[in-house]
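> what shape does this take:
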Amino acid sequence: MDSVDTAPAAGTTTLLVGRERAVAGVVPPETGELYAARRKIHPQGVRGRFRTIRWAILAVALGIYYLVPFLRWGRGPHEPSQAVLIDLDRGRFYFFSIELWPQEVTYVMGLLILAAFTLFFMNAVAGRVWCGYLCPQTVWTDLFLAVERLVEGDRRARIRLDAAPWSLEKVTARVLKHAIWLLIAWWTGGAWVLYFADAPTLVGELATFQAPPVAYAAILTLTATTYILAGHMREQVCTYMCPWPRIQGALTDADSLAVTYRYDRGEPRTGAKRAQALRAAGQPAGDCVDCRQCVVVCPTGVDIREGLQMPCIQCGLCADACDAVMTKLGRPTGLIAYDTEANCERRRRGEAPVIRIVRARTVLYALLVAAVGGTMLYGLATRSFTGLSVLHDRNPLFVTLADGSIRNGLTLRIVNKRPVARHFALSAEGVPGLRIEVVGAPEGRLAVGPDTTQEFRALAFAPAGAVLDKSSPLTLRITDLDSGEAAQAQDHFKAP
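Numbering: from 1, shown residues only. Now for the predicted structure:
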């Protein structure tokens, strides 16, 4: 069989692939078509180690997403007891024992940078691991496909149902499938809003129609997007909407692991009986019997034998299907497996394959992940629970009093990130003889409530006759009267 004429997957070009192309690894020419009409894909069910891994990840990922809002975490009186909570009203993000304030947005930025470098590292080591196993689009699409397979049957049954005229059986199956899809999508949106308020309380409010309108709007939006993207668009999201397939090509090289058709072993492909006859006659015959099982199980409709393609999410289901066929034929498994382009070429030249996980780009990405992660952990471990900021009066910058002393007006903002009320003492350094008073705190004890910020009006006085510059550096420091924890801020004392 010199070529295989197959219908193209969405977003791919139409290819005629001969054994010469497969052996040489030549990239086929583009057809010039920017968009191909969608061909509905009916992935066939498959069993194997990659399918098992995907089921396990799906269960863990959905379990985390749906159940985490109901986890409790004691933080003391007047504090939320939800383990993971984005409290927009108070401007707090709670993650178990960690509490982040809006001023600490750098940790969020650091987390995004860490996620990006981790994604780069994963891609350099083993290709699109994120796309094939962890991406929300992949997880929810896999769940929707499982529902479709449960209700309408496997691939052939679904194809027959699509072609069949409308009947009570067909209407019942379609209504049931879409009802379950909508239920999953609705609970997906409902679980999302639970991260922004106390989950048990909000569930009760939603059930009694007493929740804020924005909660219902968010649930409706997430329900619609989940239902459309996971139920109807599916592989179109990966092919056209997601930018990652277009980026990941720049992050891989010939030594990056990816789900690969080992053309050095599979070509020239032919039927099983024909291959046996060719081998008996001492003629070359590849292990690929052109059964197309690798194509029919692919959730994006890709023929992995055409080489790496943008719609391929490298989920490994084609490897499971191929291994099952090889086992039935008594041939070694692994015709489709995680491998590298470099190894295919090495085996074709008669050389031993080599797996090079440790190389320049993987080391670089690993160091970046370690550096960003280490910096964030150090910052979280050493961060202060006390903050002080100072705002100098602008008009006037200073006032010369009748006795010749100079007065500056300051606005102090003290941050208390602990769940208990605290009292602070204020001191100043940098200007000789400086005296500072806080309006409303004659004893010098600045009281700040638990987990809050408090503004104070302060007046700084420089004695008459003091030698001052127009702008003298000034350091203001607050000290917790109980624990001794301190914070300071820099400003300038203004003078004529």
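> and the residue minimising distance to the centre of the chain, how far is that from residue 53?
Closest residue to the average C-alpha location of the chain: residue 115 at 6.7 Å, with C-alpha atoms, centre = their mean. Plainly put, residue 115 is 21 Å away from residue 53 if you go by C-beta to C-beta, to the nearest Å. To be clear about C-beta, it is placed using only N, CA and C from the backbone, and glycine gets the same treatment.
> try residue 186
On the measure of C-beta to C-beta, residue 186 and residue 53 end up 28 Å apart.
> likewise residue 320?
10 Å.
> do residue 74 as well
In terms of C-beta to C-beta, residue 74 sits 36 Å off from residue 53.
> so these two - more neighbours on which side?
residue 53 (15 against 9; other C-beta atoms under 10 Å).
> in three-state terms, label the more buried one for me.
What DSSP: H, G, I helix; E, B strand; the rest coil gives for residue 53 is helix.
> which residues touch it?
Counting by C-beta atoms under 8 Å, 6 or more residues apart in numbering, residue 53 touches 133, 316.
> same thing with residue 51?
316-317, 320.
> with residue 121 instead?
So residue 121 contacts 362, 365-366, 368-369 (C-beta under 8 Å, 6+ apart).
> what about those residues, which are in strands?
Residues of the contacts of residue 121 located in strands (DSSP state E): none.
> tabulate those residues in CSV, adding columns for pLDDT, neighbour count and distance to residue 303.
Below are the contacts of residue 121 laid out as CSV (pLDDT from 0 to 100; neighbours: other C-beta atoms under 10 Å; distance: C-beta to C-beta, whole Å):
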residue, pLDDT, neighbour count, distance to residue 303
362, 93, 20, 29
365, 95, 21, 31
366, 96, 17, 34
368, 96, 17, 36
369, 96, 20, 34
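> what's the closest of those to residue 221?
For these, the minimum distance to residue 221 (C-beta to C-beta) is 33.3 Å, reached by residue 369.
> please name the nearest non-neighbouring residue to the closest one.
Counting by C-beta to C-beta, 6 or more residues apart in numbering, residue 117 is the residue found nearest to residue 369 once chain neighbours are left out, at 4.8 Å.
> what separates the one you found from residue 366, distance-wise?
9 Å.
> check for me that residue 408 belongs to a strand.
Yes. Counting by three-state DSSP, residue 408 falls inside a strand.
> tell me the contacts of residue 234?
Per C-beta under 8 Å, 6+ apart, neighbours of residue 234: 41, 141, 144, 299.
> would CSV of those with secondary structure, pLDDT and neighbour count be doable?
Below are the contacts of residue 234 laid out as CSV (DSSP: H, G, I helix; E, B strand; the rest coil; pLDDT from 0 to 100; neighbours: other C-beta atoms under 10 Å):
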residue, secondary structure, pLDDT, neighbour count
41, coil, 91, 19
141, helix, 96, 23
144, helix, 97, 22
299, coil, 94, 21
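> taking the residues you listed, tell me the two that lie furthest apart.
Greatest spatial distance in those: 41 and 144, 12.8 Å, computed using C-beta to C-beta.
> if we can go back for a sec, columns distance to residue 462 on top of the contacts of residue 234, output as a markdown table?
A markdown table is the format used below for the contacts of residue 234 (distance: C-beta to C-beta, whole Å):
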| residue | distance to residue 462 |
| --- | --- |
| 41 | 78 |
| 141 | 69 |
| 144 | 72 |
| 299 | 74 |
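> for residue 424, state which of the residues you listed is nearest.
For the contacts of residue 234, the minimum distance to residue 424 (C-beta to C-beta) is 54.4 Å, reached by residue 141.
> just give the closest residue to the closest one, not the sequence neighbours.
That would be residue 230: by C-beta to C-beta, 6+ apart, it lies 4.7 Å from residue 141.
> so who does that neighbour touch?
Residue 230 is in contact with 137, 140-141, 143-144, 181, 185, counting by C-beta under 8 Å, 6+ apart.
> switch the cut-off to 6 Å
Residue 230 is in contact with 140-141, 144, counting by C-beta atoms under 6 Å, 6 or more residues apart in numbering.
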